[in-house]
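Novice: Got a sequence here, can you build the structure:
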Amino acid sequence: MQDRRKKRIKTIETEQKIIDFISRFKLTNGYSPNLRDIQQELDFGSASNVKYHIDRMLRDGLLNGSSKLARTLSVAGDDGFVRIPILGTIAAGTDFIPLDIPTSDQLDPDLDYLELPEDKFRSPASVYALHVQGDSMVDALIGDGDTVIVRKTSRARNGDMVATRITRDGEFDEFTLKHFYREGDRVELRPANPNMAPIELHASEVDVQGKVLSVIREY
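Specialist: As a prediction, this is how the structure comes out:
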């Protein structure tokens, strides 16, 4: 009986540490930790051990979310956050990375997600995140390894920072992050780096995929 009591006390202490870390992590970063974050912070021996505790806490109603979906965990009663899917990596340099943006609401359950304060977004269902690769937008305070939050739209005003698909000769797709400028039937995708040249295209070759709302810095 004494051993069972000690085991239960240890379990409660572990659960409280997990709850405290999830709350602290979200407050600091604006999104939820994943299983690896919890494993490293609390010195669990393996990710499967973390998952065991998380699944039990989900069943007991101590946590919301899923152990199978990254960055969906939240402490029960902690409201005011929305899940934003991370759809991939976008080029902000000289190398272009093709990326397909889902047109359906049925997102891949294996995607990573960010949890961000819902008061920052009027329509969170149209918002997604992209990791940035490259340094063409450094003067706009967006560097390699950062994450941009993007609202899905096909419209852009001059000066907007956009995620853009480029199609040349009707068949070659490129996807890049740049400032958008249009004059007549010509579009200029302008980097925020004086060492890089703008990309000049016919408007028919440019397909705006979204407008950048904010950035999460990688320090």
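
Novice: Give me the buried positions along the helix or strand containing Arg24.
Specialist: In this assignment (DSSP states H and E), Arg24 forms part of helix 2-29. Across helix 2-29, burial judged by 16 or more other Cβ atoms under 10 Å covers 15, 18-19, 22, 25-26. In short, each C-beta sits where N, CA and C put it, glycine included.

Novice: Stretch 184-196 too?
Specialist: 187-193, 196.

Novice: Rebuild these as JSON lines, extending it with distance to Ile142 and secondary structure.
Specialist: Below are the buried residues of stretch 184-196 laid out as JSON lines (distance: Cβ to Cβ, whole Å; DSSP: H, G, I helix; E, B strand; the rest coil):
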{"residue": "Val187", "distance to Ile142": "20", "secondary structure": "strand"}
{"residue": "Glu188", "distance to Ile142": "19", "secondary structure": "strand"}
{"residue": "Leu189", "distance to Ile142": "15", "secondary structure": "strand"}
{"residue": "Arg190", "distance to Ile142": "14", "secondary structure": "strand"}
{"residue": "Pro191", "distance to Ile142": "11", "secondary structure": "coil"}
{"residue": "Ala192", "distance to Ile142": "8", "secondary structure": "coil"}
{"residue": "Asn193", "distance to Ile142": "10", "secondary structure": "coil"}
{"residue": "Met196", "distance to Ile142": "13", "secondary structure": "coil"}
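
Novice: Off-centre distance for the least confident helix or strand in the chain by mean pLDDT?
Specialist: Sorting the helices and strands of the chain by mean pLDDT, DSSP states H and E puts strand 112-117 at the bottom, at a mean of 73. On the basis of Cα atoms, centre = their mean, to the nearest Å, strand 112-117 sits 6 Å off its chain's mean C-alpha point.

Novice: that older thread, the helix holding Arg24 vs strand 112-117, what angle?
Specialist: Here helix 2-29 runs at an angle of 70 degrees relative to strand 112-117 (axes from the mean of the first three to the mean of the last three Cα atoms, to 10 degrees).

Novice: Helix 2-29: what's the following helix or strand?
Specialist: helix 35-42.

Novice: Packing partners of that next one?
Specialist: If contacts are counted by 3 or more Cβ pairs under 8 Å, 6 or more residues apart in numbering; DSSP states H and E, helix 35-42 sits against helix 2-29, helix 47-59.

Novice: CA-only coordinates of the shortest one in PDB, if you can.
Specialist: What follows is the C-alpha trace of helix 47-59 in PDB, where atoms were taken according to Å, rounded to 0.1, in the frame of the first residue of the first chain:
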ATOM      1  CA  ALA A  47       9.700  10.100 -26.200                       C
ATOM      2  CA  SER A  48       7.500   7.000 -25.600                       C
ATOM      3  CA  ASN A  49       7.700   7.600 -21.900                       C
ATOM      4  CA  VAL A  50       6.500  11.200 -22.400                       C
ATOM      5  CA  LYS A  51       3.700   9.900 -24.700                       C
ATOM      6  CA  TYR A  52       2.600   7.500 -21.900                       C
ATOM      7  CA  HIS A  53       2.100  10.400 -19.400                       C
ATOM      8  CA  ILE A  54       0.500  12.700 -22.000                       C
ATOM      9  CA  ASP A  55      -2.000  10.100 -23.100                       C
ATOM     10  CA  ARG A  56      -3.000   9.400 -19.500                       C
ATOM     11  CA  MET A  57      -3.400  13.200 -18.800                       C
ATOM     12  CA  LEU A  58      -5.500  13.600 -21.900                       C
ATOM     13  CA  ARG A  59      -7.800  10.700 -20.800                       C
END
